[in-house]
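# got a sequence here, can you build the structure:
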Amino acid sequence: MRNLLGLQRLAFRSFSSTARNRLKNKVPENQKIFQEDNGLPVHIKGGTVDVLLYRFTMAITLGGTGFSLYWLLAASQPRRK
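Numbering: from 1, shown residues only. Model prediction:
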């Protein structure tokens, strides 16, 4: 029984939320970047990767909209005999 209680304590200590934080807090750095008044929209202030993701998302959105409209038009046409 003591072994089980010891194992329970060990498991709790291993997964406790009070473990030391080994990551640096990057929030203040990101706040400076995103709050800077440089005329860019907030969704592309992160740099090249954000611009590429934005353009890729817009291309997929416009392509999907066009594809949907094409099939709606095709479905609205009467069938050929």
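# and the gap between residue 44 and residue 57?
Using Cβ to Cβ, to the nearest Å, residue 44 is found at 11 Å from residue 57. Glycine gets a C-beta too; all of them are placed from N, C-alpha and C.
# who has more neighbours out of those two?
Neighbours around residue 44 and residue 57, counted as other Cβ atoms under 10 Å, are more numerous at residue 44. The numbers are 15 against 11.
# what sits against that one?
Residue 44 makes contacts with 50-51, 54, as judged by Cβ atoms under 8 Å, 6 or more residues apart in numbering.
# restricted to helices, list these.
Among the contacts of residue 44, DSSP state H puts 50-51, 54 in helices.
# for residue 22, which three-state class applies?
coil (DSSP: H, G, I helix; E, B strand; the rest coil).
# just the helices in this protein please.
Going by DSSP H, the chain shows helices at 2-14, 27-35, 48-76.
# pLDDT below threshold where in this protein?
1-2, 4-5, 9-21 (pLDDT under 70).
# circling back to that earlier point, from the contacts of residue 44, pick the one nearest residue 31.
Nearest to residue 31 among the contacts of residue 44, counting by Cβ to Cβ, is residue 50 at 15.9 Å.
# which non-adjacent residue is nearest the closest one?
residue 44 (5.0 Å; Cβ to Cβ, 6 or more residues apart in numbering).
# gap between the one you found and residue 8?
50 Å.
# check residue 46 too.
From residue 46 to residue 8 the distance is 44 Å (Cβ to Cβ).
# the more surrounded of these two?
Between residue 46 and residue 8, counted using other Cβ under 10 Å, residue 46 has the larger neighbour count: 15 against 10.
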